[in-house]
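Student: Okay, sequence plus prediction incoming.
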Amino acid sequence: MGTILGDMRHVRWHELRHAQGSASQVPGMLSRIAWGDSESAEDALSDLGRWIAAMAVFDATVATVPFLWELAAMETVKERVGVLGLLGTILAGAHAHQPGWTRDAHLAVLAGRTTAERLAGDSDPAVRAAAGELLASLGGHACATCSPH
């Protein structure tokens, strides 16, 4: 698998959950985003978004976010704009019955701020724009779950 996504093997994906059940297929989706052609990467990103962010965030979301940041930073990834959009969706998402998952997912996205700042100066104008939008969301993030009480 090389160095990109190399740490995926340390995650116990089969023990994590997403909207459709077991997260055991998440590494395959991340790999398709990393190395697939545009169509394959776009399909994988769409599936992943439905699984970990569309309706709610999950424990699999928390585990996936660092790999999304890794993908966003790799110039060879064809769907970097989509990856940044998914990170924004995760930051806006929640899980009504699992506030810990919400907080942890949001903190994982917030932890990538330096990557977003670097991408705001990327040579690809679409990546620059997506990174700028995400930076605005990162700077303005103040949800009830993450705010200290």
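Tutor: Ah, there it is. Residues are numbered from 1 along each chain as shown.
Student: where exactly do the strands run in this structure?
Tutor: 17-18, 21-22 (DSSP state E).
Student: Next, format these as a markdown table and append distance to residue 144.
Tutor: Glycine gets a C-beta too; all of them are placed from N, C-alpha and C. Listed next are the strands of the chain as a markdown table, based on distance: least, C-beta to C-beta, whole Å:
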| stretch | distance to residue 144 |
| --- | --- |
| strand 17-18 | 23 |
| strand 21-22 | 28 |
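Student: can you tell which of those is closest to residue 29?
Tutor: Residue 29 sits nearest to strand 17-18 of all these, at 10.1 Å, using C-beta to C-beta.
Student: So which elements touch that closest one?
Tutor: helix 59-73 (3 or more C-beta pairs under 8 Å, 6 or more residues apart in numbering; DSSP states H and E).
Student: avg pLDDT for the helix it packs on?
Tutor: For helix 59-73, mean pLDDT is 97.
Student: Return the most buried member of the strands of the chain.
Tutor: Mean neighbours per residue, mean count of other C-beta atoms under 10 Å, is largest over those for strand 17-18, with a mean of 21.
Student: about what we covered before: right, and the strands of the chain - which one's nearest residue 92?
Tutor: Per C-beta to C-beta, nearest to residue 92 of these: strand 17-18, 17.1 Å.
Student: got a list of contacts for the closest one?
Tutor: 23, 26, 51, 52, 58, 59, 60, 61 (C-beta atoms under 8 Å, 6 or more residues apart in numbering).
Student: Can you pull out the low-pLDDT segments for this protein?
Tutor: Residues of the chain meeting the criterion pLDDT under 70: 1-2, 148-149.
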